[in-house]
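**Q** sequence first, predicted coordinates after that:
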Amino acid sequence: MACDEALAALAERFKGRRILVLGDVITDVYLEGKISRISREAPVFVLEHLGETIILGGAGNAAANLQSLGGQAVLVGLVGDDEPGLATRALAESRGIEVAGLVAEKGRPSCTKTRILATGEHTVKQQMLRVDRVRPYPPSAETLAFLHRALESLLPTVEAVVLSDYGLGILPWELFQRAMELAAPLGLPVVVDSRYRLLAFAGVTLLTPNVAEAEEAVGEKLPDEEAIVRAGRVLMERLRPQGLLITRGPDGMSLFEPSGRVTHIPAANRLEVFDVSGAGDTVVAAVTLGLAAGIDLLSAARLANYAAGVAVRKMGTATVSLEELKTAIGRFGKA
């Protein structure tokens, strides 16, 4: 119990930590309807519209989790000059996220992921369909120059950096590379969440792939813990980060350190998994706040594990508050 209390006390150090997030900003749209009948036009359900919710996704979700866990998020990214883009900026501002580095490019459609949720008389809400709107082309020279200036002016004001690379083909590699170059002389921890180009991020503080991303990086399936350990050591040798945290869903996480130590952290809440959408962003937010606060890597990873245990109990792209995190530590700490 004393250990749990100590971990909860460490989480208090998240408060006020200023973190820059650079990455692919996504607008998550949830359309909810009640199943009313089968269509006469096709063998599909007809939904009676109940409502629509817009949530920050992608790098925006990482920023939202940083904010809800007690930090101060500074978002640098790109949206379209359209209704979803305006909604994204308004949502970020309403959460207290700084958006001076968020640019709306004229003529570009914002990246959106629209999920259709259905419910019946005696059924829980279920996702029926997802519609993605992504235009994978790089920003204009003017927009790119703005983003470079934003990094140069904002990085000296923060305590850590999150690179949230969803692989949408929107932000060019040179922008992530520039962020790493600027962070290095400032001594800023750099935490990377990259879906498709993990191998490009050598020498950063921490990499946070899930199992599928680690499999792609090493070019083989990782069916068990032994295979994950082998892959983790290969990635540590090749990329030389200060840490590698492989998230493993219901099997928890595996933390690799330069000393050769490997720590398997059991899932804090594997019996109450409801929806894993965005849980990786929660992990990244919590572990980055820990590193920014000077918390050791293993303790920061344990805090992130508890935060993920809260996130997966929520429907859709979700955030976790500092109070929810501390409650989870008390609740699941003996497990």
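**A** Noted; the coordinates are in hand. Residues are numbered from 1 along each chain as shown.
**Q** please, where are all the helices along the stretch 51-200 of the chain?
**A** All helices of the stretch 51-200 of the chain, identified by DSSP state H, counting those that start in this stretch, fall at 59-68, 83-94, 141-154, 173-186.
**Q** as a markdown table, these with distance to Asp28, mean neighbour count and mean pLDDT would be great.
**A** In short, each C-beta sits where N, CA and C put it, glycine included. Converted to a markdown table, the helices of the stretch 51-200 of the chain look like this (distance: least, CB to CB, whole Å; neighbours: other CB atoms under 10 Å; pLDDT from 0 to 100):
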| stretch | distance to Asp28 | mean neighbour count | mean pLDDT |
| --- | --- | --- | --- |
| helix 59-68 | 8 | 29 | 96 |
| helix 83-94 | 10 | 18 | 96 |
| helix 141-154 | 22 | 15 | 98 |
| helix 173-186 | 22 | 16 | 97 |
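**Q** quick one: which of the ones you listed is nearest Ala301?
**A** Relative to Ala301, the nearest member of the helices of the stretch 51-200 of the chain by CB to CB is helix 59-68, separated by 15.6 Å.
**Q** would you format the helices of the stretch 51-200 of the chain as TSV with distance to Thr114 included?
**A** Listed next are these as TSV, based on distance: least, CB to CB, whole Å:
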stretch	distance to Thr114
helix 59-68	15
helix 83-94	10
helix 141-154	25
helix 173-186	27
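**Q** what's the closest of those to Thr208?
**A** Minimum separation from Thr208 across those (CB to CB) falls at helix 59-68, 10.6 Å.
**Q** give me the pLDDT for the most centrally placed residue in the chain.
**A** Central residue check for the chain by CA atoms, centre = their mean: the C-alpha nearest the mean position is that of Asp281, 1.7 Å away. Asp281 carries a pLDDT value of 92.
**Q** ranges for the strands of this structure?
**A** With DSSP state E as the criterion, the chain has strands at 18-23, 25-38, 45-58, 72-80, 98-105, 112-119, 126-133, 160-165, 190-194, 206-207, 243-247, 253-256, 262-265.
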